[in-house]
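A.B. asks: attaching a predicted model along with its sequence, questions to come.
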Amino acid sequence: MTRPTPPWKCLSARHAAAVAILVAGAAHATPAAAQACCAGGALVSPVRLAPPEDYAVGLQTRVRSDMGLFGADGSYSSFSNTSTEQDVEQDLAISFRLARRAQVSLVLPYVETHRTDPGLDEWGSGLGDVAVNVRYDFKLAAEMTTWPGFALLGGVVFPTGKAVGDGTNPAATDATGTGTYNVTLGIDLEKVHGPLYGALNLWGTYSGSNSSQGVTTSYPLQLTALAVAGYVFENEAAAALYVNFLERGDTSTSGGTQPGTQPASGLRLTTVGVTGLFPVADGWRLSGSIYTDVLLASFGRNEQAGAGVTATLVRAWR
Amino acid sequence: MNGRIAFRLAVASAAILVASCGQPAAPTAPALVFPGAPALTVASASGQLNIGIWWSPPQPTVGYDATQLAITDAAGAPVTGLTLTIVPWMPAHGHGASVEPTVSEMSPGIYVATPLDFFMAGNWELMTAIARPTDGGADADGAGSLNDSADPTVEVP
């Protein structure tokens, strides 16, 4: 149930893309769960509950290294050798089934950032922005023969992390959050055919304005699309390819004194990856993913670009 | 078996957390040398001031940088005695920096701000408030109060 986190400090879109698939979460360990109808959904959202499950707990670790930068005009350039950035995160995710078709999850992230510049090698860490997500399945993919399954997705991200400007580290590595609320609403379309699984997620994220250092920033609606194509094997493992695309228009600032004179401030990031999961024992599953942002001009804007890996261990109960 | 896997994952996570607790150090201070012609010239929001801008290093990099602003009036005369407040800002991400620069007038109409804490690559804006408070009348040199601004930008690779 963890979906992309809306814009946050300098983590914004790159983390959002990672969270989207970071880890395949919740296949469950019975033969029935090995079918794409049940296990496939776990390829989209970590710790998402399969139909027979009532609650689950997952611990997720992810590591990402940035390699370059998308400029305001969409051009891509690699970093110089003198500066680097690595992002590490551990998430504790808990999911509960509220009703037969409704589930809710809570995600507690712990964020660590490492930056190096000439004369500087700095780590910082802290609690990130806590997220609560809900999912309501109007029609499960397994219930549909022709049309895809349909679910409504919602979420709120709370500014529990430390925003840039509230921290003290010179490289802002102790900034762990956006400094504002984010509200997300979206849909999930899923289709299964034997062992094959496909999904298309579309959602919009509204971010509240945030104020820092006398400047108030307002954000337009952020749109995200995620497409997944996967296969569920006989041994109950599953694998999938995915592509995630994020787009947000220009921000507006009060305190900025010459509106219209600055370069475009909108965000864009396109990410592709491979994700998979493997049941390690009854009620336990291990999953992971490898992803990279598309390092080509026009596939990003105003974002650092990189690659990363994720790993998650999930325990689910019926 | 399951318990061991969970335990090992927890230990690995704890190790990462411990490794992340290092003490931050300050980046290398930028050299305050601004040779040649300005990197760019902008007009203030009111249009009454012209501002020539130099960077140090000439191509700003991630870390601590500095800027020099040469502020002149419409006649090209240096404008002295100004109070500049500069906030480095990333408009796309909605945040500034952890370290506030100090601004000094090094010579008539020449102002230097350091450090500019460009802690990550991207498009940075210098939100610059320009003021000259007076008691309501003209100063000894005949200059009155002034309240203006400018927002030059720079791409940090």
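C.D. replies: Structure received.
A.B. asks: quick one: low-confidence ranges for chain B?
C.D. replies: B:1-25, B:135-143 (pLDDT under 70).
A.B. asks: can we see that at 80?
C.D. replies: Applying pLDDT under 80 to chain B picks out residues B:1-29, B:133-144.
A.B. asks: just the strands in it please.
C.D. replies: In chain B, the segments counted as strands under DSSP state E are B:40-43, B:50-56, B:63-72, B:83-89, B:102-107, B:110-118, B:122-132, B:146-150, B:153-156.
A.B. asks: quick one: neighbours of residue 50, just the number.
C.D. replies: Picking chain A for this. As a burial measure, residue A:50 scores 22 neighbours (other CB atoms under 10 Å in any protein chain shown). All C-beta atoms are positioned from the backbone trio N, CA, C, and that covers glycine.
A.B. asks: that was the other one, I meant chain B.
C.D. replies: Residue B:50 sits with 17 neighbouring residues when counted by other CB under 10 Å.
A.B. asks: doesn't residue B:41 make contact with it?
C.D. replies: Yes: Residue B:50 sits in contact with residue B:41 when judged by CB atoms under 8 Å, with a separation of 6.4 Å.
A.B. asks: what sits in contact with each of those two?
C.D. replies: Overlap between the neighbourhoods of residue B:50 and residue B:41 is empty, taking contacts as CB atoms under 8 Å, 6 or more residues apart in numbering or on different chains.
A.B. asks: just to revisit the earlier point, got JSON lines for the strands of chain B, with distance to chain A too?
C.D. replies: Formatted as JSON lines, the entries for the strands of chain B read as follows, by distance: least, CB to the nearest CB, whole Å:
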{"stretch": "strand B:40-43", "distance to chain A": "8"}
{"stretch": "strand B:50-56", "distance to chain A": "12"}
{"stretch": "strand B:63-72", "distance to chain A": "4"}
{"stretch": "strand B:83-89", "distance to chain A": "5"}
{"stretch": "strand B:102-107", "distance to chain A": "14"}
{"stretch": "strand B:110-118", "distance to chain A": "6"}
{"stretch": "strand B:122-132", "distance to chain A": "5"}
{"stretch": "strand B:146-150", "distance to chain A": "4"}
{"stretch": "strand B:153-156", "distance to chain A": "6"}
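A.B. asks: just name the most buried of these.
C.D. replies: strand B:63-72 (a mean of 23; mean count of other CB atoms under 10 Å in any protein chain shown).
A.B. asks: need the residues of the stretch 1-150 of chain A near chain B, please.
C.D. replies: Contact residues, the stretch 1-150 of chain A versus chain B (CB under 8 Å from any CB of the partner chain): A:7, A:9-10, A:12, A:59, A:61, A:69, A:71-72, A:77, A:79-80, A:82-83, A:85, A:88, A:90, A:110, A:112, A:114-115, A:117-125.
A.B. asks: report the buried members of the residues you listed.
C.D. replies: The neighbour-count test (16 or more other CB atoms under 10 Å in any protein chain shown) marks A:7, A:9-10, A:12, A:59, A:61, A:69, A:71-72, A:79, A:83, A:85, A:88, A:90, A:110, A:112, A:114-115, A:117, A:120, A:122-125 as buried among these.
A.B. asks: now, those residues that are in strands?
C.D. replies: Within those, membership in strands is found for A:59, A:61, A:69, A:85, A:88, A:90, A:110, A:112, A:114-115, A:117, A:120, A:122-125, as judged by DSSP E.
A.B. asks: for those, which one is nearest residue B:93?
C.D. replies: Nearest to residue B:93 among these is residue A:69, at 12.4 Å by CB to CB.
A.B. asks: per-residue pLDDT of that closest one, please?
C.D. replies: Here the pLDDT value assigned to residue A:69 is 90.
A.B. asks: likewise residue A:293?
C.D. replies: According to the model's per-residue confidence, residue A:293 sits at a pLDDT of 95.
A.B. asks: the one 5 residues further on now?
C.D. replies: We have a pLDDT of 92 for residue A:298.
A.B. asks: contact partners for it?
C.D. replies: Remark: with contacts taken as CB under 8 Å, 6+ apart, residue A:298 is in contact with residue A:74.
A.B. asks: now do residue A:98
C.D. replies: For residue A:98, the contact set (CB under 8 Å, 6+ apart) comprises A:104, A:134.
A.B. asks: the same query, at a cut-off of 10 Å, please.
C.D. replies: If a contact means CB atoms under 10 Å, 6 or more residues apart in numbering or on different chains, then residue A:98 has A:104, A:134-136 as its contacts.
A.B. asks: so which of those residues comes closest to residue B:75?
C.D. replies: Distance ranking of the contacts of residue A:98 against residue B:75, using CB to CB, places residue A:134 first at 64.1 Å.
A.B. asks: how deep is residue A:290 tucked in, by neighbour count?
C.D. replies: 13.
A.B. asks: that one: which element?
C.D. replies: Residue A:290 belongs to strand A:284-293 when assigned by DSSP states H and E.
A.B. asks: list the buried residues in that strand.
C.D. replies: Within strand A:284-293, the residues that qualify as buried are A:284-289, A:291-293, counting by 16+ other CB under 10 Å.
A.B. asks: helices or strands next to it in the packing?
C.D. replies: The helices and strands touching strand A:284-293, judged by 3 or more CB pairs under 10 Å, 6 or more residues apart in numbering or on different chains; DSSP states H and E, are helix A:12-21, strand A:55-70, strand A:238-248, strand A:267-281, strand A:303-317, helix B:2-19.
A.B. asks: between that strand and strand A:55-70, how many degrees?
C.D. replies: Orientation check (axes from the mean of the first three to the mean of the last three CA atoms, to 10 degrees): strand A:284-293 against strand A:55-70 gives 10 degrees.
A.B. asks: beyond strand A:284-293, next helix or strand please.
C.D. replies: Proceeding N to C from strand A:284-293, the next assigned helix or strand is strand A:300-301, under DSSP H and E.
A.B. asks: direction included, what does that following strand pair up with?
C.D. replies: With DSSP bridges as the test, strand A:300-301 is paired with strand A:267-281 (antiparallel).
A.B. asks: nothing else from me, thank you.
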